[in-house]
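Asker: Make a model of this:
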Amino acid sequence: MSYCIAIETMTDERKALHKNYHDNHYGFPIHDDNELFGRLIMEINQAGLSWETILKKEAGFREAYHNFNIKKVASYKEKDFTRLMSDPGIIRNRLKIQAAIENAKTILQLQNDHGSFKSWLELHHPKTKEEWVKHFKKTFRFTGGEIVNEFLMSIGFLPGAHSDSCPVYKKILKAKPKWKEAVL
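Answerer: Below you'll find the model as predicted:
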């Protein structure tokens, strides 16, 4: 079931939680490296949980991870890890927290080598989902098939965030997602 159809069947309370993300973020290109990193953190943390849980904790993630500042997260020490493990505003999973810190360090290296995380993504575009998954697994921690797929769909590198019958789909096309350029 597509996200667009699912949101139509939600209760008003749940719909309110999902609407902003659905209408203004999901599938739209992201140009800021810190926001790309933040989306990767959120997608990693969603593994095994509902996206609704992550949306409810988004503000907590932003606060806990210094607004997804890559340089700050890459410099985290043991005391920061301990702080994160005891923060009820985020998902307190040892492997996911370690992945966020290590992935921040990896992104710093990618920025050094390619100018930005976004440039690194664009350098490897287009790829099939399977190719992206292999590439992410070699580069990042805690990035399985579903995480990579959702991350790339959510930032406009892979299609599928919205069905073509969803009103947001036309807005996505105007934002020029990378998948629209791809010929795979």
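
Asker: What lies in contact with the helix or strand hosting residue 136?
Answerer: Here residue 136, judged by DSSP states H and E, is contained in helix 129-139. Under the contact criterion Cβ atoms under 8 Å, 6 or more residues apart in numbering, helix 129-139 has outside partners 106, 110, 124, 127, 143-145, 147-149, 152, 157-158. In this view, the C-beta of every residue, glycine as well, is placed from N, C-alpha and C.

Asker: which one of these sits closest to residue 96?
Answerer: residue 147 (10.3 Å; Cβ to Cβ).

Asker: Measure how buried that closest one is and give me the count.
Answerer: 21 (other Cβ atoms under 10 Å).

Asker: residues making contact with stretch 37-48?
Answerer: 30, 53-54, 57-58, 61-62, 65, 67-68, 70, 73, 90-91, 93, 96, 99-100, 103-104, 107, 117, 140, 142-144, 146-147, 150-151, 154-155.

Asker: now stretch 104-124
Answerer: Counting by Cβ under 8 Å, 6+ apart, 30-33, 36-37, 70-71, 73-74, 76, 132, 135, 139-141, 155, 157, 178 sit against stretch 104-124.

Asker: ditto for stretch 50-67
Answerer: Contacts of stretch 50-67 (Cβ under 8 Å, 6+ apart): 14, 17-18, 21, 34, 38, 41-42, 45-46, 68, 72-73, 83-84, 87-91, 100.

Asker: Name the helix or strand for the residue nearest the centre of the chain, please.
Answerer: Centroid-nearest residue in the chain, with Cα atoms, centre = their mean: residue 39, separated by 2.6 Å. Assigned by DSSP H and E, residue 39 falls within helix 33-46.

Asker: and the angle from that helix to helix 129-139?
Answerer: Counting by axes from the mean of the first three to the mean of the last three Cα atoms, to 10 degrees, helix 33-46 lies at 100 degrees to helix 129-139.
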